[in-house]
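>>> quick one, what's the 3D model for this:
(chains A and B)
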Amino acid sequence: MTISSLTQLNALTGGLFLLSTFGIIAMRQVLGCLKMFILQSVFLAISALLLGYLHLSIHLFAVAAITLMVKPVLIPYLLRQTVGSEVTARREISQLINIPTSLLIAVGLTILSYFVAKPLLSVSGAAGTVTDVNLPIGIACLLLGAYTVTVRREAMPQIIGILTMENGAFFAGISIAPDLPLIAELSAAFDVLVIALVMGILTRKIHERIGSTTVSDLKTLKEV
Amino acid sequence: MISKIFFNLLQVIVVMAFSPLVKGILSRLEAMVQSKRGPGILQPYRDIWKLLHKEEVVSEQTSWIFRFTPYVVFVTPIFVTLLIPVLTNYPLFFAFMGDMLGGGFILALGGFFATIAAIDTGNPYGPMGASRTRMVGFLAEPVFMIVFFTVSFVAGSTIPYIVQEAWVTPLSNFFEPSHVLVMLAFFMLIIAEAGRLPVDNPSGHFELAMIDESKTLEYSGRGAALMKWGSAMKFFVLLCIFLNVLVSPWGLARGEGLLEVFIAVPLVLIKIFVFILFLVIIESSIAKLRLFRIPEFLGAAFITSIAAMIMYFF
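Numbers count the residues shown, from 1 in each chain, chains lettered A, B, ... in the order given. So this is what the prediction gives:
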């Protein structure tokens, strides 16, 4: 395959990655959010694979393999096991801003991230390469993840939001630093795994104590 | 020149002749998926034939709009047919009379008349369906615009004949991210505009849940036949725009020979058949959305089209 077709495939993957991020915001069901997150992680792995082929970098292949193993498979499995079906099977996530408005704000954030990324690209001299696609989409995904954490009121979508932020950072990172040491990738991957596990157990405990994981119910601290 | 006028008229005849067949195949396939036998694929033709020979009953309370509307609904898709590539790859006689936005406006004119005719009768279900259609319509409008603008910017023109080549001139352009996203957005738009399943249930007979169908409840005889045929043609035209302009501009006649144009007819029908198979799979696996979830569906389409535009510009 030529470089241009690889770049194009990577751009397509980036577009679908962005779309699945929008999907996380648009979904009402917890399981729908989780499925979108799985899709997003798969696209991240595909992009890492393509960039690895482009840069001839073994590290990115390792990143792709770790991502494919941890994010679409292990994390959803662990979350569903630890949090329990009562939280994950919820169909109507309560949220502060309704979904059409959320989507419009998401578009605004995406455009903002493109504007932010443009001077960065021209300064770093990376314009015209795959970073053109990966950096703005990564920043957008980071912002959209933060937005999800802000707007959604329940624990499980907030966890997914945090994981989305992590995915966004990775998506930008694999194009900026293709030769990241493997130890960093490994630690990042397992970090995420442990974070997801801890948050899952915490959510389960909160749900057991209070009966819901809605943030607005958790206003006061008190000993039970 | 003469041949171009002839081919243009041939396009109209093809759309008129085969649009009920598309509806028939679609409903037959859907029945088969639900493990029913379903009506034969020629059933829409029989319906239209039967209705054309029945007496028409018009309420005394209605105005000229009610009587005039079936003709508008029937004629507007024909006008759009003159503007879009149905069979040929090169511009025909009327191709430069209007661009894609013009086609959209003409289709909207038919929708407008259907809406006020539904209000005209005073039937309680008519205005309800009409206002719902307007809701779907105005939510679909921005998506329409942005899809067309993106496509026009890529091709440097808004004439559908010129646009169709732009996405596939090197074949790898097909996988351009903005192209894939535009296709997705337009697909969602077709579902909303044609009243297919996640938005509206075309086979439902419960008046309170209807969106598109309730506008034609009051019509009988020839009026009902024209409305039915008109909506079938509108669906066919939308599919032609989607398949021949946006997705797969292959299989169209390139030369000016009569034979080539005739060969294009089955090829286009095969494309539509493949698309319908795809549509049936989607429709059979999704439940209908609640009315107030439709803004979310079309919001998602809007986001997709905007993402396509952003990815093209930056």
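
>>> for residue B:107, grab the count of nearby residues.
20 (other C-beta atoms under 10 Å in any protein chain shown). The C-beta positions use only the backbone N, C-alpha and C, and glycine is treated the same way.

>>> pull up the gap between the closest residue to chain A within the stretch 151-300 of chain B and residue A:169, please.
Across the stretch 151-300 of chain B, no residue is closer to chain A than residue B:177, which sits at 3.2 Å (C-beta to the nearest C-beta). Distance, residue B:177 to residue A:169, using C-beta to C-beta, to the nearest Å: 21 Å.

>>> those two - which one has more neighbours?
Legend: neighbour count by other C-beta under 10 Å for residue B:177 and residue A:169, higher for residue B:177 (26 against 16).

>>> hang on, that one packs against residue B:308?
Yes - at 7.4 Å, residue B:177 counts as touching residue B:308 under the criterion of C-beta atoms under 8 Å.

>>> what residues do these two have in common as contacts?
residue A:15 (C-beta atoms under 8 Å, 6 or more residues apart in numbering or on different chains).

>>> ok, now how distant is residue A:109 from residue A:141?
Per C-beta to C-beta, residue A:109 is found 10 Å from residue A:141.

>>> tell me which of those two has more neighbours.
residue A:141 (31 against 19).

>>> which non-adjacent residue is nearest the more buried one?
residue A:168 (2.9 Å; C-beta to C-beta, 6 or more residues apart in numbering or on different chains).

>>> and the one you found, what element?
Assigned by DSSP states H and E, residue A:168 belongs to helix A:155-176.

>>> and what of residue B:74?
Counting by DSSP H and E, residue B:74 is part of helix B:64-83.

>>> go through that helix and flag the buried ones.
B:66, B:69-70, B:72-83 (16 or more other C-beta atoms under 10 Å in any protein chain shown).

>>> next SSE after it?
helix B:100-120.

>>> let me see the confidence value for the residue of the stretch 151-300 of chain B closest to chain A.
pLDDT recorded at residue B:177 is 84.

>>> just read off the phi/psi values of it.
phi -60, psi -40 (degrees, to the nearest 10).

>>> what sits against the nearest residue to it once chain neighbours are set aside?
Sequence neighbours aside, residue A:15 is the residue nearest to residue B:177 in space, at 3.2 Å (criterion: C-beta to C-beta, 6+ apart). Residue A:15 sits next to B:177, B:178, B:180, B:181, B:307, B:308, B:311 when contact means C-beta under 8 Å, 6+ apart.

>>> pLDDT score assigned to the residue lying closest to the fourth one once chain neighbours are set aside?
Just to be clear, that refers to residue B:181. Once flanking residues are discounted, residue B:181 sits nearest to residue B:308: 3.6 Å by C-beta to C-beta, 6+ apart. With respect to pLDDT, residue B:308 scores 89.

>>> could you do the one 5 residues further on as well?
In the predicted model, residue B:313 carries a pLDDT score of 80.

>>> would you mark the buried spots in the helix or strand bottoming out on mean pLDDT in chain A?
The helix or strand of chain A with the lowest confidence, counting by mean pLDDT, DSSP states H and E, is helix A:85-88 at a mean of 78. Neighbour counts over helix A:85-88 (16+ other C-beta under 10 Å) mark A:87, A:88 as buried.
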